[in-house]
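Enquirer: Build me a model from this:
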Amino acid sequence: MEKINYKKVLKHLYNASSVKISVVDVPEINFLAIDGVGDPNTSESYAQAIEALYSVSYTLKFMLKKGPRAIDYGVMPLEGLWWTDDMAKFSQEDKSNWKWTAMIMQPDLISEQEVEEAKRLAESKKELPALPLMEFRTYKEGTCAQIMHIGPFSEEGPTIQKVHQFIQEQGNSLSGKHHEIYLSDIRRAAPEKWKTIIRQPFS
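Expert: Prediction:
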């Protein structure tokens with residue numbers, strides 16, 4: 001059976017220094033994604049989105065593992081895009097008007113037909129209110145600056161500012177959406193050890 005570790009294949013995108021900001025070129029990548037609005041800490045719709053994304057992602061993994069191609073791979077981490085219509089009002093203190101896309105990267109060998117089959121299988125086993133909102137989509141960020149934040153989400157502010165300052169000092173402008181990649185299982189790891197990649201596209 002072929003086994004693929006996409007965290008290693010895409011190491012430059014799913015690993016980062018916690019000290020030094022790096023610049024990466026992010027190509028087109030396939031995702032399962034769900035869009036929503038509201039504070040992720042209190043929004044039921046955000047929790048439902050995460051549950052649906054993981055359910056379908058694991059269903060896809062086992063479909064390919066047991067199927068004729070016999071390919072095994074690890075499910076990729078949860079990622080999030082965050083923004084507001086007026087970015088001047090994008091506040092760490094008030095997240096009620098935040099817009100978000102919760103998403104999980106999918107191998108390029110997966111087809112849309114297989115995604116639809118996985119959605120049907122997942123739905124047959126569990127009630128997933130966010131499933132009708134799920135899309136299989138391609139996302140391309142292009143040139144981005146990124147760094148690893150270690151610690152709770154509530155302390156990301158200085159790290160985000162560091163990335164923005166780096167971009168501006170290079171004479172460039174922020175473009176696209178604030179992007180976070182959650183590498184830690186927050187149910188098991190202590191908050192001070194949480195690892196999150198902070199990524200910002202620029203031009």
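Enquirer: The strand or helix carrying Met148 packs against which elements?
Expert: Per DSSP states H and E: Met148 is located in strand 142-150. With contacts defined as 3 or more CB pairs under 8 Å, 6 or more residues apart in numbering; DSSP states H and E, strand 142-150 has these neighbours: strand 22-26, helix 157-169, strand 195-201. (Each C-beta comes from the backbone N, C-alpha and C, glycine too.)
Enquirer: for those, which one sits closest to Ala130?
Expert: With CB to CB as the measure, strand 195-201 is the member of the helices and strands packed on strand 142-150 nearest Ala130 (22.2 Å).
Enquirer: Let me know whether Asp39 touches Lys95 as I believe.
Expert: Yes. Using CB atoms under 8 Å, Asp39 is in contact with Lys95, at 4.0 Å.
Enquirer: In the biggest helix by length in the chain, which residues are buried?
Expert: Identified as the longest helix of the chain according to DSSP state H is helix 44-66. Under the neighbour-count criterion of 16 or more other CB atoms under 10 Å, helix 44-66 has 45-46, 48-57, 59-61, 63-64 buried.
Enquirer: quick one: contacts for His164?
Expert: For His164, the contact set (CB atoms under 8 Å, 6 or more residues apart in numbering) comprises 174, 200.
Enquirer: quick one: which of Asp39 and Lys95 has more around it?
Expert: Lys95 (17 against 13; other CB atoms under 10 Å).
Enquirer: Using PDB, write out every CA atom in stretch 141-148.
Expert: The C-alpha trace of stretch 141-148 is given here as PDB (Å, rounded to 0.1, in the frame of the first residue of the first chain):
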ATOM      1  CA  GLU A 141      -2.600  32.300  -2.400                       C
ATOM      2  CA  GLY A 142       0.500  33.000  -4.300                       C
ATOM      3  CA  THR A 143       3.300  34.900  -2.500                       C
ATOM      4  CA  CYS A 144       2.900  34.900   1.300                       C
ATOM      5  CA  ALA A 145       4.800  35.600   4.400                       C
ATOM      6  CA  GLN A 146       4.500  33.100   7.300                       C
ATOM      7  CA  ILE A 147       5.700  32.300  10.800                       C
ATOM      8  CA  MET A 148       4.900  29.800  13.500                       C
END
